[in-house]
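S.K.: Sequence plus predicted model, see below.
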Amino acid sequence: MVYMFVHSNVLSWKTMISDFSKKEGTYFSTFSSFQLTLKYLIMSLCHILK
């Protein structure tokens, strides 16, 4: 139930971001690299905490 709610929110959020990226290409690429950096940091943290 909660998963479906979150999932639909993520989908609409992704749609919103992609719509926005058409208007603001530079911002979107910056956001993507930021997201990747964040993912890498979280993965590193998980690895350290193991």
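M.R.: Noted; the coordinates are in hand.
S.K.: Roughly how far does residue 41 sit from residue 9?
M.R.: Distance, residue 41 to residue 9, by C-beta to C-beta, to the nearest Å: 23 Å. The way it works is simple: take the backbone N, C-alpha and C, and place the C-beta from them, glycine included.
S.K.: Next: residue 34.
M.R.: According to C-beta to C-beta, residue 34 stands 20 Å off from residue 9.
S.K.: same question, residue 42
M.R.: 20 Å.
S.K.: One more: residue 30?
M.R.: Distance of residue 30 to residue 9, given as C-beta to C-beta: 23 Å.
S.K.: Same question for residue 18.
M.R.: Residue 18 is 15 Å from residue 9, by C-beta to C-beta.
S.K.: Please apply the same query to residue 35.
M.R.: From residue 35 to residue 9 the distance is 17 Å (C-beta to C-beta).
S.K.: Output the contacting helices and strands for the longest helix along the chain.
M.R.: Assignment by DSSP state H gives helix 25-49 as the longest helix of the chain. Helices and strands touching helix 25-49, by 3 or more C-beta pairs under 8 Å, 6 or more residues apart in numbering; DSSP states H and E, are helix 2-23.
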